[in-house]
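> below are the sequence and a predicted model for it; my questions follow.
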Amino acid sequence: MNPNIESLLAQFSSATELDSLLPAADALAKGKFVNTVRNDPRFVQGIECCFRMSGPPSATLMGIAIAYRLGAASKPAMSIVRSLSSRVLSTSLPPLSLLANAKDRYYVALALSDANGEWLNPYIARSIAEDDSAELARRALAHSLFAKLSLSEGLRLIADWLREVRFDTEKPAESAAKRLRRVVAAIRPSVIGRPISPGSALGSSLRALFESASRWGKPTSEEKVWRELTSECCHLVSDILRTQLTVLADPEIYRSLQPAKIWIDPRLWPRYLQKNVAAQAVCSALQDAIVLLAKQGVTDQRLLETLEFLVGTREGAVRIAAELAGSNPGIKPEVRDWLMRFGRERSSPALESFSTASEGDIDGYVASLLLSIRWIQKHRSIHKSGIEEMANDLIDRDLNRLRLDVEQLARIRKLTVRLEQGDVVEYSPLAHELLGGHRLGVRRVRVEQPLVERVGLDGVPAVVQKAIVEAIKG
């Protein structure tokens with residue numbers, strides 16, 4: 001063997017600190033000697049040294065980066081690295097931001113695909129949110145995250161961490177917009193690269209992600225920054241609609257772009273929609289959803305209202321609906337008429353499959369009435385006698401009649417109460433309102449007020465009123 005390689009292997013296999021490990025590893029990589037020496041026991045010893053670096057927390061990360069950089073030379077070399085990495089990758093790592101070099105952060109990001117433990121997903125999401133320049137690393141991190149979580153869960157977790165990021169710059173709003181644009185761009189390859197479960201409440205998670213930049217306000221200058229962010233967000237929504245066909249008719253996916261309309265300015269949005277390819281793709285997907293349902297005899301007033309939201313004007317949405325009615329054969333006359341009139345009540349059960357947007361507002365009031373009636377019945381005590389007792393009997397009769405009326409209305413609206421006060425459940429930000437406000441790290445909660453759901457025709461429940469919950473310590 002080349003004497004120089006022998007010397008490098010000797011140094012690599014006995015290193016205990018970065019000062020001696022790094023030069024040897026660099027020389028092996030730059031000299032393209034990794035495949036030559038990968039079967040040498042000293043190479044394996046050197047990889048083991050990478051995973052037990054002494055020194056500051058950054059040395060732990062640097063050792064992992066070195067190992068995976070050498071492993072990237074070939075699949076056999078990477079197999080060796082991965083077989084030895086499980087110990088160090090089973091416990092929480094120091095913050096990825098401790099590594100100044102973007103390429104080093106990329107190699108640690110690769111390593112995280114082999115990691116495990118409850119610490120992992122929050123760590124990856126935090127790294128995606130906090131990294132300020134390593135786009136290759138951010139893409140690798142997103143790939144790892146969505147290999148482990150549904151699309152909705154992953155987006156929500158990233159949104160939570162983005163809200164924690166501080167921008168100590170002259171223009172924090174623009175800095176936040178630029179960061180979000182890079183995060184969204186890093187997520188997109190994972191969305192289109194392989195099948196991912198959409199999860200529940202995907203539209204809500206998308207909106208939470210987009211809104212994470214809005215807390216800093218919208219600047220009065222650098223309009224280009226916000227137009228670029230809007231375009232990237234539209235591309236992400238379009239990617240999701242192309243790859244997640246089960247959410248094509250979900251109005252909340254399209255309405256997640258509400259922050260983008262504000263960034264552009266609602267008055268200028270119609271013009272932006274006409275010129276931006278990604279925004280047009282989202283609008284086309286919505287029109288496809290309306291037509292697909294219409295050809296099945298199903299009208300969804302929510303989608304027409306969403307079309308108005310997306311187009312930006314009532315007149316524009318009415319014109320598009322009329323064009324859809326006239327250019328798509330196979331639609332029943334009554335459904336075509338519904339499209340031409342931009343929504344029309346009909347008695348056909350098939351066409352009553354969805355509530356109008358205005359009717360949807362009723363659910364919140366019915367949910368509150370349901371909970372109020374339950375509270376009154378639970379806490380009302382009758383410990384009186386005589387005339388007062390008779391008065392209470394009359395009140396009870398009226399309350400019971402009110403209860404029956406509310407429960408009947410709830411049945412018509414497909415509303416159900418779930419959970420009871422005192423129940424202990426896993427915390428879900430989508431279904432629970434945490435006392436004191438949402439915060440990271442909460443796992444189990446105690447129910448203080450039940451949850452109200454509405455079950456759609458597809459059998460999937462949607463939250464009408466979140467349960468009020470209290471975090472359980474420990």
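Structure's in. What do you need?

> drop to CA atoms for contacts and neighbour counts, all remaining ones
Noted.

> for stretch 151-166, list the C-alpha coordinates in PDB.
The C-alpha trace of stretch 151-166 is given here as PDB (Å, rounded to 0.1, in the frame of the first residue of the first chain):
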ATOM      1  CA  LEU A 151     -47.400  16.300   5.300                       C
ATOM      2  CA  SER A 152     -49.700  18.000   7.700                       C
ATOM      3  CA  GLU A 153     -47.700  17.100  10.800                       C
ATOM      4  CA  GLY A 154     -44.400  18.000   9.300                       C
ATOM      5  CA  LEU A 155     -45.600  21.400   8.000                       C
ATOM      6  CA  ARG A 156     -47.200  22.200  11.400                       C
ATOM      7  CA  LEU A 157     -43.900  21.400  13.200                       C
ATOM      8  CA  ILE A 158     -41.900  23.500  10.900                       C
ATOM      9  CA  ALA A 159     -44.400  26.400  11.300                       C
ATOM     10  CA  ASP A 160     -44.100  26.100  15.100                       C
ATOM     11  CA  TRP A 161     -40.300  26.500  15.000                       C
ATOM     12  CA  LEU A 162     -40.400  29.300  12.400                       C
ATOM     13  CA  ARG A 163     -42.500  31.300  14.900                       C
ATOM     14  CA  GLU A 164     -39.600  30.900  17.400                       C
ATOM     15  CA  VAL A 165     -36.900  32.300  15.100                       C
ATOM     16  CA  ARG A 166     -35.800  35.800  15.700                       C
END
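
> what's the mean pLDDT across that stretch?
Mean per-residue pLDDT for stretch 151-166: 94.

> so how far is it off the chain centroid?
7 Å (Cα atoms, centre = their mean, to the nearest Å).

> residues contacting it, please?
Stretch 151-166 is contacted by residues 122, 125-126, 128-130, 145-146, 191, 196-203, 205-206, 208-210, 212-213, 440 when judged by Cα atoms under 8 Å, 6 or more residues apart in numbering.

> quick one, strands of the chain?
Along the chain, the stretches classed as strands by DSSP state E are 415-418, 424-426, 432-434, 444-449, 451-455, 461-465, 467-471.

> mean pLDDT lowest for which of these?
Of all the strands of the chain, strand 461-465 has the smallest average pLDDT, which comes to a mean of 80.

> that one - contacts with which helices or strands?
helix 357-379, strand 451-455 (3 or more Cα pairs under 8 Å, 6 or more residues apart in numbering; DSSP states H and E).

> now with 10 Å?
helix 357-379, strand 415-418, strand 432-434, strand 451-455 (3 or more Cα pairs under 10 Å, 6 or more residues apart in numbering; DSSP states H and E).

> report the separation between the residue nearest to the spatial centre of the chain and Ala129.
Of all residues in the chain, the one closest to the mean position by Cα atoms, centre = their mean is Leu155, 2.1 Å from it. Distance of Leu155 to Ala129, given as Cα to Cα, to the nearest Å: 11 Å.

> likewise Gly199?
In terms of Cα to Cα, Gly199 sits 21 Å off from Ala129.

> same question, Leu28
Taking Cα to Cα, one finds Leu28 at 33 Å from Ala129.

> now do the closest residue to Leu22 other than its chain neighbours, the pLDDT please.
Excluding its sequence neighbours, the residue lying closest to Leu22 (Cα to Cα, 6 or more residues apart in numbering) is Ile66, at 7.5 Å. Ile66 is assigned a predicted lDDT (pLDDT) of 96.

> and the helices in the stretch 151-300 of the chain?
Assigned by DSSP state H, counting those that start in this stretch, the stretch 151-300 of the chain shows helices spanning 151-162, 172-193, 202-211, 223-243, 251-255, 258-264, 269-275, 277-295.

> coming back round to it: comparing Gly199 and Ala129, which residue is more hemmed in?
More crowded of Gly199 and Ala129, by other Cα atoms under 10 Å: Ala129, with 23 against 13.

> and the residue lying closest to that one once chain neighbours are set aside, how many neighbours?
Nearest in space to Ala129, with sequence neighbours left out and distances taken as Cα to Cα, 6+ apart, is Leu162 at 5.2 Å. For Leu162, the count of nearby residues is 26 (other Cα under 10 Å).

> now Glu6
13.

> dump the residue contacts of it.
By Cα atoms under 10 Å, 6 or more residues apart in numbering, the contact list for Glu6 reads 12, 37, 42.

> Met62 now?
18, 22, 50-51, 53, 68, 96, 98-99, 101, 104-105, 107-108.

> same thing but at 6 Å, please
Residues in contact with Met62 (Cα atoms under 6 Å, 6 or more residues apart in numbering): none are found.
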